[in-house]
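Novice: Below is the sequence, then the predicted model.
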Amino acid sequence: MGDSLAALRRRIKNAEDLRAVVKTMKAMSAASITQFEQAVDSLQDYCETVELALSVSLRNTEAVATFEGQDNHLAERCCGLVLLGSDQGMVGQFNEHIVDVVAADIAKSSRRPKLWVVGERVHARLENAGHQVERLFPTPQSVEAIAPLVSDLLFEIETQHTSHGVGEVKIYRNAPLTRANYETKSARLLPLDRSWRDGLTSIPWPETELPEMIDGGAASQGALISEYLFVSLYQACAASCAAENSARLAAMQRAEKNIDDQRRVLDLEHNHKRQSMIDEELFDLISGFEALS
């Protein structure tokens, strides 16, 4: 038995209300994507400046001041993985993709890594898969919240590097491709080893003469390395937040399409039910007129 006319009207009203919510969430996601993308772009020039300064500093020294990589012992040292996920839902397979990639990498490795997770959704899936999480961090909901998160992550990494011998740190995140699409990426943050140094020192200087750094010792180099790590992790977090909102925008677009399809079905059913009631009333009138005649 089909719904009554009143029930159909209630379902149509609920669909209209739900569509209004979805439309609002689409607008919020689009605005969030813009601010996080602007945060990534605004740091690009600064990141290149830091890399240039490091390239000059490393050309004049033989040792890396901070987090120096020990290639010969790296295989025996503990590995740390930073996973950037989401706290909120309605993002499709955003968190599942990261967990699948990380689980595959863990299965290939003989070392049991320490897991630092940003986002409750990724944390829950890792725990369900049997992976122990070292520490959980909240997902930043605005650009202003990224810097405190990055500071906490770097403090945790440095503490684990010093006290537990964590030698390698990798970051797993989703990076936006378009306004409604993303891809899962991984990047190595540590160690700052010979290959890292060679990569920076190979950056060409824009002028013909290399500059000389004033007070270019270990203190200056350490400050530059700290800034390099901060900017690298900041850009990764901002890109992850942009990808999260891209995933939510895509999910809301699919939800809006489903609601519109359901609304068309309900409108057709409502019109059919209403026409049937009108036909029944006309039939009753005609039958009564014929009976009186």
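Specialist: Cool, the structure landed.
Novice: and the nearest residue to V99 once chain neighbours are set aside, what does it touch?
Specialist: Leaving aside its chain neighbours, V99 sits nearest to R125 (4.6 Å; criterion: Cβ to Cβ, 6 or more residues apart in numbering). For the C-beta atoms, the positions are set from N, CA and C on the backbone; glycine is no exception. Contacts here follow Cβ atoms under 8 Å, 6 or more residues apart in numbering; on that basis R125 touches N95, E96, V99.
Novice: Am I right that R125 is in a helix?
Specialist: Yes - assessed by DSSP: H, G, I helix; E, B strand; the rest coil, R125 belongs to a helix.
Novice: Quick one: the strands in the stretch 1-150 of the chain, in order.
Specialist: Here the stretch 1-150 of the chain has its strands, by DSSP state E, counting those that start in this stretch, at 78-84, 114-118, 135-137.
Novice: what does stretch 250-264 rub up against?
Specialist: 12, 15-16, 18-19, 22-23, 25-26, 29, 90-92, 180-181.
Novice: okay, and for this protein, where does confidence drop off?
Specialist: Low-confidence regions of the chain, defined by pLDDT under 70, span residues 1-2, 60-77, 179-180, 210, 213-217, 293.
Novice: All the helices of it, residue numbers only.
Specialist: 5-59, 94-108, 120-128, 146-163, 194-201, 218-292 (DSSP state H).
Novice: K114 is nearest to which of these?
Specialist: K114 lies closest, by Cβ to Cβ, to one member of those: helix 146-163, at 6.2 Å.
Novice: Pull the residues that contact the closest one.
Specialist: 39, 67, 78, 80, 82, 114, 116, 118, 134-135, 137-138, 140, 166-167, 169, 189-190, 226, 229-230, 233-234, 237-238, 241.
Novice: can I assume V118 is in contact with T139?
Specialist: Yes - V118 is in contact with T139 according to Cβ atoms under 8 Å; the separation is 5.8 Å.
Novice: Specify which residue of these two has the higher count of neighbours.
Specialist: V118 (27 against 20; other Cβ atoms under 10 Å).
Novice: what is the more buried one paired to in the beta sheet?
Specialist: In this structure, V118 bridges to L84, F137 when assessed by DSSP bridges.
Novice: show me the contacts for it.
Specialist: V82, L83, L84, G85, L136, F137, P138, T139, L149, L153, C237, S240.
Novice: one more time with 6 Å, if that's ok
Specialist: Contact partners of V118, counting by Cβ atoms under 6 Å, 6 or more residues apart in numbering, are L84, F137, T139.
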